[in-house]
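Q: fold the following and give me the result.
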Amino acid sequence: MQKKIWISVILLTLFGLEACVEDKKVKDSEINDTDSFTLSPEDTLSTDSTKYYGGYNSEISTLFDKSEFPEAYMEQLLSEIKICNPQIETIQADGVAPCSPSYFQFYSYNKHRKIEDAFMLQIKKGVNGFPYRRLLIFTRENGILVKMNGIIGYLVEKRPSPSGIDDLVVAVVDNIGGYYDRYDVLIRYENGKYQFVEALGDLEGTFDTKELKAEATKQIKERIEEKELIF
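A: Residues are numbered from 1 along each chain as shown. Predicted coordinates:
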């Protein structure tokens, strides 16, 4: 019997897809943003890890549990992009955070450049008063770090590509009527920035048929663009 995988409670009702997951809604205020990703083992790409931060693991989990950065200059990178305050030791009431691995984690994505010139920054929930994790992707142009992409959500997997600029699997976080939702999507570097490729799954599981994946990709792409969840 064909396995049924539901896209998301609200998207299903909006777009007429079959749904029966009303009992699985989670209020946005009750979410745990370290919940496991939904890819099944056969969907993940396992390769040898590399010297680049994060490696090529089947799944990347950022716990913000390190006492120091692997390289001292990483704190300077945070100061350069003005995302934290190096003079404080604890997060402030307004969300201003210290330049600490308790709130920030670096990952590489480009084999052709040093990490100080091309990096992803995973940011903990609550930093700058933002209610979800964010993933910001930076590149250095003419000596200045500029933001290439932003994702409301978190990094899950890096996949090597022929270009040397990794494909990324990211979990995109959404708030629909006060309830938490998440779309697991593949993004790829094209034309100077990362672009949406396809949807892989959601809170209910992976999209494991061609038809379901195609329909989910269409609707989730529209939702991501509407809410600017990847920017």
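Q: and the strands in the chain?
A: Counting by DSSP state E, the chain has these strands, from start to end: 104-107, 118-123, 134-141, 144-159, 167-176, 179-190, 193-202, 205-206.
Q: how close does Glu226 get to Pro98?
A: From Glu226 across to Pro98, the span is 35 Å (Cβ to Cβ, to the nearest Å). For glycine as for every other residue, the C-beta is placed from the backbone atoms N, C-alpha and C.
Q: neighbour-wise, which of these two wins?
A: Taking other Cβ atoms under 10 Å, Glu226 and Pro98 do not tie; Pro98 has more neighbours (20 against 8).
Q: correct me, but Ile230 touches Ile187?
A: Yes - applying Cβ atoms under 8 Å as the test, Ile230 and Ile187 come out as touching, 7.0 Å apart.
Q: between the two, what contacts are shared?
A: Asn149, Ile151, Val170, Tyr194, Phe196 (Cβ atoms under 8 Å, 6 or more residues apart in numbering).
Q: pick the one among those residues closest to Ser79.
A: Nearest to Ser79 among the shared contacts of Ile230 and Ile187, counting by Cβ to Cβ, is Asn149 at 21.2 Å.
Q: what's around that closest one, how many residues?
A: Using other Cβ under 10 Å, Asn149 has 20 neighbouring residues.
Q: now do the contacts for it.
A: By Cβ under 8 Å, 6+ apart, the contact list for Asn149 reads Leu136, Ile137, Ile187, Lys193, Tyr194, Ile230, Phe231.
Q: filter those residues to the buried ones?
A: Among the contacts of Asn149, the ones that count as buried by 16 or more other Cβ atoms under 10 Å are Leu136, Ile137, Ile187, Tyr194, Ile230.
Q: show the contacting residues for the third one.
A: Yep, that's Ile187 we're talking about. Contacts for Ile187 were tallied using Cβ under 8 Å, 6+ apart; they are Asn149, Ile151, Asp167, Leu168, Val169, Val170, Tyr194, Gln195, Phe196, Val197, Ile230.
Q: what do you get for the first one?
A: Contact partners of Leu136, counting by Cβ under 8 Å, 6+ apart, are Met120, Leu121, Ile123, Lys147, Asn149, Gly150, Ile151.
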